[in-house]
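Colleague: After the sequence you'll find the predicted model.
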Amino acid sequence: MPAIGKRTSFGQGQLVALEPDLVLAVGTTVLGLLLQATRRVPIVFVEVTDPVGGGFVASLAAPGGNATGFTQFEYSMAKKWLELLKEISPRVTAGILRNPTITSGVGQFGAIQSVAPSLGAELRPIDVRDVNAIESGVAALAGISNGGLIVTAGGQQNLHRELIITLAARHKLPAVYPNRSFVTAGGLMSYGPNLLDLYRRAAGYVDRILKGEKPADLPVQTPTKFDLVINLKTAKALGLNVPPTMLSRADEMIE
């Protein structure tokens, strides 16, 4: 039977019951559910934030089970979010919208903390427990002179994407987001992995596994290509002048 992707009306158990040769899993939640359903069917995953912390693989170098693939982030890249925010707002106090209850949230915040002293930036964590916590945290940040927002990657942030973008616009806060979808929805700018590149690389793993290689022997890989996307319309609405050096580095500009 051919490989089957995650976009199907079947539940995970029903999908596994079809005995596919391989399953392509998109996202942490889908991967977790599939691994609950089977430890036998080969799985190639993409857009998973922390496969080791989630208990999906033994290690990046040696997955050791029936799943391997491509992570959505590598923690050190979170430093870039603060660098970009400082570049567009040099005296910024950065609010870090994060989920402190998951490994990826801790890892991303730790990476930002590690570079903050060298950039002379003050950080204020904002938890994403619920809507009220997001609204009150962003409002408090807006009361500080030169406040700015960094939105780390995570399911809660994606769930409340429209709210976060609306709050940033309402309070005139420059903000950096983890992926392009926030910018196309009206956010200021994003820096994150090129998803098309991840899927192309995942196709190579699918091919290798279908030809006989085992997921356990194929290392989990991190992104190698990242995109900077800037929404010029939003920058204008915020009264920001995007530095020419930043514009020259942008992979995409939305007008």
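Modeller: Yes, it's here. Numbering: from 1, shown residues only.

Colleague: Next, count neighbours for the closest residue to P219 other than its chain neighbours.
Modeller: Using Cβ to Cβ, 6 or more residues apart in numbering and skipping the chain neighbours, the partner closest in space to P219 is A61 (5.1 Å). Where you see a C-beta, it was placed from the backbone N, CA and C, and this is true even at glycine. Neighbour count of A61, defined by other Cβ atoms under 10 Å: 9.

Colleague: Roughly how far does A61 sit from A67?
Modeller: Distance check for A61 against A67: by Cβ to Cβ, to the nearest Å, it reads 14 Å.

Colleague: rewinding a little: per-residue confidence for the residue nearest to P219?
Modeller: Listed pLDDT for A61 reads 97.

Colleague: Look up phi and psi at it.
Modeller: phi -70, psi -30 (degrees, to the nearest 10).

Colleague: can you check L149 too?
Modeller: The phi/psi pair for L149 (degrees, to the nearest 10) reads phi -130, psi 130.

Colleague: So what sits opposite it in the bridge?
Modeller: Taking DSSP bridges as the rule, L149 bridges to G95, A175.

Colleague: wait, it sits on R170?
Modeller: No: using Cβ atoms under 8 Å, L149 is not in contact with R170; the gap is 11.8 Å.

Colleague: quick one: which of these two has more around it?
Modeller: L149 (28 against 11).

Colleague: Tell me the spacing between the more buried one and V92.
Modeller: 9 Å.

Colleague: Can you pull the residues that touch both of those two?
Modeller: 85, 174 (Cβ atoms under 8 Å, 6 or more residues apart in numbering).

Colleague: Identify the residues contacting the lowest-mean-pLDDT helix or strand in the chain?
Modeller: The element with the least model confidence among the helices and strands of the chain, by mean pLDDT, DSSP states H and E, is helix 12-17, at a mean of 78. With contacts defined as Cβ under 8 Å, 6+ apart, helix 12-17 is touched by 4, 8, 23, 30, 33-34, 36-38, 41.

Colleague: With only the CA atoms kept, save it in CSV.
Modeller: Provided in CSV are the C-alpha atoms of helix 12-17 (Å, rounded to 0.1, in the frame of the first residue of the first chain):
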residue,chain,number,x,y,z
GLN,A,12,-4.9,7.6,13.6
GLY,A,13,-6.1,4.1,14.7
GLN,A,14,-8.0,3.7,11.5
LEU,A,15,-5.1,4.9,9.5
VAL,A,16,-2.7,2.4,11.0
ALA,A,17,-5.3,-0.3,10.5
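
Colleague: How far off centre is it?
Modeller: For helix 12-17, the gap between its own C-alpha mean and the chain's C-alpha mean amounts to 27 Å (Cα atoms, centre = their mean, to the nearest Å).

Colleague: how about the residue positioned nearest the centre of the chain, secondary structure?
Modeller: Nearest to the geometric centre of the chain sits A153, at 3.8 Å (Cα atoms, centre = their mean). Of the three states, A153 takes coil under DSSP: H, G, I helix; E, B strand; the rest coil.

Colleague: what about T152, how many neighbours?
Modeller: 27.
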